[in-house]
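[1] kindly generate the corresponding structure for this input.
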Amino acid sequence: MISTIRVACSFVLVLSCASVLTAQGEAPPAPSPNTVLESVVRGVPERRSNDALLGLRKLKDPSLRALFSALVSSEHASRRRQGVLGLAELENPPRMNPLLLSRISDPLERAALVGEGLSSDLIGAEQVEQMLAWPSLEPYVELSLRARLSSLGKGLDTARVSMLAEKGGVSSELLAGALLAQSGDSALFERASGRLLGLTDPERGAMVGLFLEAVRREKLTAASSLLPRLAFAYSAFPSAEADILRTWVRVSPESGLAAWRTKWEGSTGLADRLRLAMVALDASDLAPPELFSLIESAQAEPALASMGRLGATLARREPALDALRELIALRYVPVESWIIDRAKSWDEATALGTYRAFIDAWAARPPTAELVSESVLEAGEALMEKDRAFLASSLSRACEKGDVRMSHAFLMMHLATGSSPVWDVAAPPRWPDKQSEGLELLVRARSAEAGAFPKTEWGALEAIATGAGAKLPFSMRAQAAWMLLKARGQTDATLARLLAGQE
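    Have a look, this model is predicted:
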């Protein structure tokens with residue numbers, strides 16, 4: 001039954017204030033907001049610096065640009081990464097700065113950042129062309145960049161790709177071979193495939209994951225010839241095999257779906273069938289509707305039956321909101337991130353109805369339950385400017401029930417978007433705990449116009465920043481410190497002093 005499934009599957013917790021209180025034995029609260037921000041630049045332990053930077057990145061405040069720029073030159077790799085990503089997220093659309101990336105001397109670190117940028121769509125054609133001008137690019141990085149250009153229809157320098165294949169290891173040879181196969185020459189890809197399959201795990205496993213991601217991301221359909229052999233090699237590893245099947249179905253639907261049917265017919269365990277159902281659902285935009293009758297027929301398991309009905313509805317291009325509500329109501333977390341992601345491509349009425357269904361489903365659980373899916377946050381953020389009345393009524397009900405976790409979730413939606421409160425500030429809900437009261441203050445400070453946050457509340461904001469008030473995560477303490485400096489008009493002077501190394 002679905003309760004058994006939820007126990008077996010991993011849950012994503014909403015960032016719960018209560019779960020991140022200052023741990024016993026840690027250093028005492030910082031004595032001032034400036035000291036909180038000091039940890040961003042030179043903090044010890046480094047974990048606190050990363051937490052603070054994550055909080056500041058979420059503000060997406062252009063006035064933090066100088067801080068992020070300075071961090072790119074930090075002696076700590078984790079802070080350099082935060083600086084690069086923080087600057088990228090301030091662009092519209094979000095884009096990494098190739099010049100800043102070129103200043104990172106460690107080739108492995110730079111390669112990791114480029115990979116993250118490609119996976120997160122932070123690198124467009126213009127950035128790729130600038131990066132290709134860097135001297136001494138690592139072969140795999142250059143091939144990844146050329147794969148992105150090729151997927152954007154910019155053409156492929158096959159001579160250069162062939163040369164890069166000779167410089168790198170198996171990973172480079174495999175990606176280069178796939179690119180050349182995409183252009184009609186499959187000889188190198190066949191040789192590289194044989195070399196990969198001749199390796200033993202775990203060395204091969206690390207390469208396979210990277211390769212499958214590149215195939216999906218850049219739509220390397222010519223790589224499909226390797227996928228049956230990979231599926232056979234990983235037939236004893238269900239999660240890896242499901243990832244291979246997902247890629248196979250995406251780049252070669254006819255043979256991939258045939259392989260999926262064979263696996264389904266031979267599957268018996270619930271966990272295997274749930275993985276296979278996820279693969280099929282991901283392919284609902286190209287699979288025939290009758291494929292999903294196999295999944296829907298599993299009437300003894302509500303999650304499978306609902307996934308089958310939703311997949312068939314999507315495959316028939318029929319209105320899917322009722323099927324979506326049915327599946328979301330089961331709160332089967334592994335499928336939620338897929339629904340949230342795919343909803344971006346649906347018509348507005350279906351997308352908004354889907355987002356509301358997430359909030360309704362999780363609000364219906366017992367208010368004492370510890371867990372709230374991260375999808376609730378994403379759904380609320382998507383609704384923030386589209387249906388504030390719905391969010392206001394849902395928040396009111398959560399507070400009336402004393403549902404601490406949902407209360408936190410609604411407040412976190414506001415913090416993530418910077419939106420003004422959906423509740424009446426003059427007559428707010430009765431917040432169920434002190435953390436909610438602290439979050440409410442942050443929401444109002446975050447959304448206030450420059451210089452408009454009342455002086456009478458500066459003290460309460462400072463108490464959050466220093467840890468003397470509501471016990472919030474360090475990421476939010478950093479946000480409170482920055483908001484307080486903005487309210488006081490002290491951001492420029494404070495940043496100048498911190499970046500100059502002064503106390």
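[2] all strands of the protein, in order?
    Ranges of strands in the chain, per DSSP state E: none exist.
[3] worst mean pLDDT across the helices and strands of it, which element?
    Using mean pLDDT, DSSP states H and E, the weakest-scoring helix or strand in the chain turns out to be helix 2-8, at a mean of 31.
[4] next, work out how far apart the closest residue to A147 other than its chain neighbours and S235 are.
    Using CB to CB, 6 or more residues apart in numbering and skipping the chain neighbours, the partner closest in space to A147 is E218 (4.5 Å). For the C-beta atoms, the positions are set from N, CA and C on the backbone; glycine is no exception. Distance from E218 to S235, counting by CB to CB, to the nearest Å: 26 Å.
[5] what of R80?
    R80 sits 41 Å away from S235, going by CB to CB.
[6] got it, and W458?
    Separation of W458 from S235 (CB to CB): 63 Å.
[7] circling back: E218 and S235: who's more crowded?
    Set E218 next to S235 and count neighbours by other CB atoms under 10 Å: E218 wins out with 22 against 13.
[8] and that one, what does it touch?
    E218 is in contact with A147, R148, S150, S151, counting by CB atoms under 8 Å, 6 or more residues apart in numbering.
[9] surely the second one and D121 touch.
    When you say that, I think you mean R148. No - R148 is not in contact with D121 according to CB atoms under 8 Å; the separation is 10.0 Å.
[10] mind listing what's buried in stretch 328-343?
    328-336, 339-340, 342-343 (16 or more other CB atoms under 10 Å).
[11] what would those residues look like in a markdown table with distance to G256?
    As requested, the buried residues of stretch 328-343 are arranged in a markdown table below (distance: CB to CB, whole Å):
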| residue | distance to G256 |
| --- | --- |
| I328 | 27 |
| A329 | 30 |
| L330 | 27 |
| R331 | 30 |
| Y332 | 24 |
| V333 | 26 |
| P334 | 21 |
| V335 | 20 |
| E336 | 24 |
| I339 | 22 |
| I340 | 24 |
| R342 | 19 |
| A343 | 24 |
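[12] a markdown table for the residues you listed, including pLDDT and distance to A176?
    Converted to a markdown table, these look like this (pLDDT from 0 to 100; distance: CB to CB, whole Å):
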| residue | pLDDT | distance to A176 |
| --- | --- | --- |
| I328 | 98 | 43 |
| A329 | 97 | 47 |
| L330 | 95 | 44 |
| R331 | 94 | 44 |
| Y332 | 93 | 40 |
| V333 | 91 | 38 |
| P334 | 91 | 34 |
| V335 | 96 | 36 |
| E336 | 96 | 37 |
| I339 | 98 | 36 |
| I340 | 96 | 35 |
| R342 | 96 | 32 |
| A343 | 97 | 36 |
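[13] comparing R148 and D121, which residue is more hemmed in?
    For R148 and D121, the more surrounded residue by other CB under 10 Å is R148, and the numbers stand at 22 against 11.
[14] distance of that one relative to G168?
    If you measure R148 against G168 using CB to CB, the figure is 17 Å.
[15] just G353 next, same as before
    The span separating G353 from G168 equals 48 Å under the rule CB to CB.
[16] so which residue is dead centre in this structure?
    A centroid search over the chain (CA atoms, centre = their mean) returns S120, at 8.2 Å, as the residue closest to the centre.
[17] can you tell me how far Q130 is from G83?
    With CB to CB as the criterion, Q130 and G83 are 18 Å apart.
[18] those two: which is more packed in?
    With neighbours defined as other CB under 10 Å, Q130 and G83 compare such that G83 has more, 23 against 17.
[19] just confirm S475 contacts S49, I think it does.
    No - S475 sits out of contact with S49 when judged by CB under 8 Å, with a separation of 10.7 Å.
[20] which of these two has more neighbours?
    S49 (24 against 20).
[21] let me see the confidence value for the more buried one.
    At S49 the predicted local confidence, pLDDT, stands at 82.
[22] ditto for K471
    K471 carries a pLDDT score of 88 in this model.
[23] tally of neighbours for the residue lying closest to L199 once chain neighbours are set aside?
    Here the nearest residue to L199 in space, its sequence neighbours aside, is V170; by CB to CB, 6+ apart that works out to 7.0 Å. V170 sits with 17 neighbouring residues when counted by other CB under 10 Å.
[24] what's near enough to touch V170?
    V170 is in contact with A192, R195, L196, L199, M207, counting by CB under 8 Å, 6+ apart.
[25] quick one: the helices in the stretch 401-503 of the chain?
    Here the stretch 401-503 of the chain has its helices, by DSSP state H, counting those that start in this stretch, at 404-417, 434-447, 458-466, 474-488, 491-499.
[26] now the stretch 101-250 of the chain
    For the stretch 101-250 of the chain, the helices identified by DSSP H, counting those that start in this stretch occupy 107-119, 125-131, 139-151, 158-167, 170-182, 187-198, 203-218, 227-233, 238-251, in order along the chain.
[27] from R477, how far off is C399?
    The separation that C399 has from R477, given CB to CB, amounts to 24 Å.
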